[in-house]
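In: turn this into a model:
(one chain, ligands or ions: 2)
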Amino acid sequence: MSPVALRFDNSYARLPDVFHSRQDPTPVARPELIALNRELAESLGLDPDWLAGEEGLAMLSGNRLPAGAQPIAMGYAGHQFGHWVPRLGDGRALLIGEIIDREGIRRDVQLKGSGPTSFSRRGDGRSSIGPVVREYLASEFMHALGIPTTRALAAVASGEKVMRQQVEPGGILCRVASSHVRVGTFEFFARSGRVDEVRTLADYVIERHYPDCRDEANPYQALLLQVIDRQARLIADWLRVGFIHGVMNTDNCSVVGETIDYGPFGFIDAFDPATVYSSIDHGGRYAYNQQPAIAHWNLARLCECLLPLLDATRETAVEIANELLQVFPTRFESYFHPALAAKIGLDPDKVENARLALDLMDAMASGEADMTLVFRGLGELPAAGPEQDEPVRELFSDPSLFDRWAERWRQSLAAENRLDDQQRRAQMQRVNPAFILRNHLAQQAVDAAIQALDFEPMRRLHAVLARPFDDQPDAADLARPPAPEERVLTTFCGT
Ligand code: AMP
Ligand code: MG
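Out: Ligands and ions are numbered 1, 2, ... in the order given. Predicted coordinates:
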């Protein structure tokens, strides 16, 4: 391939100095590439072989950046577990530049774990290899599910140690995002009364992500509506696959609606709507079923930031903001309900089908049934009668919970008479993954990485999860739920 010219065009670095602080990555001792996302590299117009070579590794580890890179730590604030924190910012990450990808979309290229910045407070600016492996697996799996997310371009072992609960090998993740602007980025300025900076940031986000808003009577109102819509869609996407983000603080809430900052996240095994994974989330603030309400709360914080741009009179601005916020619940349902109906193979346009799917989830909760296996298994069952139901009903501690539900389901299938079994199976397998990133599997991959710098479990898991909707008989061991002794009940913040 031709010599590499990384065409950086760093629009965020061109914003005034208050938006970021310039900072070079701190070099690491013996960087080693442990994973490279060739397909993503190509979509960015980067030569994967160059990335895997000496110069590429120098960039991915932060040891030597190519011409055109302009590393900055972005400033942001945030509400963490509901509490206001005026200064967070990139404490262990650097935006090294932006690249226009093959589709003409501007992408942030960020190094996470690249050393201290002016936002590091007492942190070391580094990352253990464990969270790097987790984020790589999770973000690429989310992408394979078709859910908006930041991506992982590469994972690097630094050859250095970091001090956590124990001494662990260090790692650096090269992350690619449509944007790293968060609700907390707006709060950084708005809550200290810097309206001009709020306007500059809003104009930046409109220009970069929502250019159609420019033509609206009030572009900022239009912007909020867009962000509300993206968040509504994102949360519906999370819930349909049993994803729990774990730390939905406003600083982890992207204004472009991508899943961002994989810390103590998890995917549900046995369905329980109150599931929490974060070890520090004692009140269940970020439980599975709280996520729509929390997204709504985060969006209210964003609306507050933009009040001065909505109207010159505060009361009018508040009225406008409240009206916008009211859109969220209905918008969320407009995404979630059809997705639910499709998961049980019924007409996505009928709300009663979504209710029926929710009843199945209630039955799963009572019967401690594995969410992924139940939905996937359902696609295999004939509409005619329950004779072949055993593989699904036995997933419930009390199979009669499923039997009662399946009777109603078959009545609906018969009444709709929309698809034959084969068509319905095909449609359901496209929305119900056979494989998810189960927590115990992620943990096994992390443990192998930390304990032995063994990345084989990570690679195998990644390869299988790249095709989550395909049956892969060779990987049956990765489809099954955890045995009781394998269960991971909490995960810690990824630092
Ligand atoms: P997070 O938990 O990733 O959402 O991070 C919350 C804040 O803590 C952000 O400002 C991070 O940059 C910062 N932070 C997390 N870990 C470290 C670390 N090891 N060194 C410096 N800052 C950190
Ligand atoms: Mg964060």
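
In: alpha carbons only for contacts and neighbour counts from here, please
Out: OK.

In: can you pull out the strands in this structure?
Out: 20-22, 32-36, 72-74, 78-80, 83-85, 93-100, 106-112, 127-128, 151-163, 167-177, 243-244, 266-267 (DSSP state E).

In: report pLDDT for Ser278.
Out: On pLDDT, Ser278 comes in at 85.

In: ok, it to Tyr288 distance?
Out: Counting by CA to CA, to the nearest Å, the separation of Ser278 from Tyr288 is 11 Å.

In: got the strands of the chain as JSON lines, with mean neighbour count columns?
Out: Listed next are the strands of the chain as JSON lines, based on neighbours: other CA atoms under 10 Å:
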{"stretch": "strand 20-22", "mean neighbour count": "20"}
{"stretch": "strand 32-36", "mean neighbour count": "19"}
{"stretch": "strand 72-74", "mean neighbour count": "25"}
{"stretch": "strand 78-80", "mean neighbour count": "21"}
{"stretch": "strand 83-85", "mean neighbour count": "13"}
{"stretch": "strand 93-100", "mean neighbour count": "26"}
{"stretch": "strand 106-112", "mean neighbour count": "25"}
{"stretch": "strand 127-128", "mean neighbour count": "27"}
{"stretch": "strand 151-163", "mean neighbour count": "22"}
{"stretch": "strand 167-177", "mean neighbour count": "24"}
{"stretch": "strand 243-244", "mean neighbour count": "24"}
{"stretch": "strand 266-267", "mean neighbour count": "25"}
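
In: could those strands go into JSON lines alongside mean pLDDT?
Out: JSON lines is the format used below for the strands of the chain (pLDDT from 0 to 100):
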{"stretch": "strand 20-22", "mean pLDDT": "98"}
{"stretch": "strand 32-36", "mean pLDDT": "98"}
{"stretch": "strand 72-74", "mean pLDDT": "98"}
{"stretch": "strand 78-80", "mean pLDDT": "98"}
{"stretch": "strand 83-85", "mean pLDDT": "98"}
{"stretch": "strand 93-100", "mean pLDDT": "98"}
{"stretch": "strand 106-112", "mean pLDDT": "98"}
{"stretch": "strand 127-128", "mean pLDDT": "98"}
{"stretch": "strand 151-163", "mean pLDDT": "98"}
{"stretch": "strand 167-177", "mean pLDDT": "98"}
{"stretch": "strand 243-244", "mean pLDDT": "98"}
{"stretch": "strand 266-267", "mean pLDDT": "96"}
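
In: distance to ligand 1 added to these, as CSV?
Out: Converted to CSV, these look like this (distance: least, CA to the nearest ligand atom, whole Å):
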stretch, distance to ligand 1
strand 20-22, 13
strand 32-36, 20
strand 72-74, 9
strand 78-80, 8
strand 83-85, 10
strand 93-100, 6
strand 106-112, 9
strand 127-128, 6
strand 151-163, 9
strand 167-177, 11
strand 243-244, 15
strand 266-267, 15
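
In: can you pull the contacts of Ala154?
Out: The contact partners of Ala154, taken as CA atoms under 8 Å, 6 or more residues apart in numbering, are 33-37, 60, 136, 173-175.

In: make it 10 Å
Out: Ala154 makes contacts with 33-38, 40-41, 51-52, 57, 60-61, 111, 132, 136, 172-176, as judged by CA atoms under 10 Å, 6 or more residues apart in numbering.

In: contact residues of the protein facing ligand 1?
Out: Where the chain comes near ligand 1, counting by CA under 6 Å from any ligand atom, the residues are 88-92, 120, 123-127, 252, 261, 493, 495.

In: give me the outermost residue of the protein relative to its centroid.
Out: Residue farthest from the centre of the chain, counting by CA atoms, centre = their mean, is Glu387 at 39.2 Å.

In: give me the pLDDT for that residue.
Out: pLDDT, read off for Glu387, is 98.

In: run a quick neighbour tally on the nearest residue to Asp229 once chain neighbours are set aside.
Out: Nearest residue to Asp229 in three dimensions, chain neighbours excluded: Arg331, at 6.5 Å (CA to CA, 6 or more residues apart in numbering). Residues within reach of Arg331, counting by other CA atoms under 10 Å, total 17.

In: wait, Arg331 sits on His296?
Out: No. Judged on CA atoms under 10 Å, Arg331 makes no contact with His296 at a distance of 11.0 Å.

In: give me the common contacts of these two.
Out: Joint contacts of Arg331 and His296 (CA under 10 Å, 6+ apart) are 228, 231-232.

In: please identify which of these is nearest to ligand 1.
Out: Comparing the shared contacts of Arg331 and His296 against ligand 1 with CA to the nearest ligand atom places Gln231 closest, at 17.8 Å.

In: quick one: contacts for the closest residue to the closest one other than its chain neighbours?
Out: Sequence neighbours aside, Gly257 is the residue nearest to Gln231 in space, at 5.1 Å (criterion: CA to CA, 6+ apart). Residues counted as contacts of Gly257 (CA under 10 Å, 6+ apart) are 147-150, 178-179, 182, 226-235.

In: any idea how far Trp238 is from Gly257?
Out: 12 Å.

In: now for these two: what residues contact both?
Out: In contact with both Gly257 and Trp238: 147-148, using CA under 10 Å, 6+ apart.
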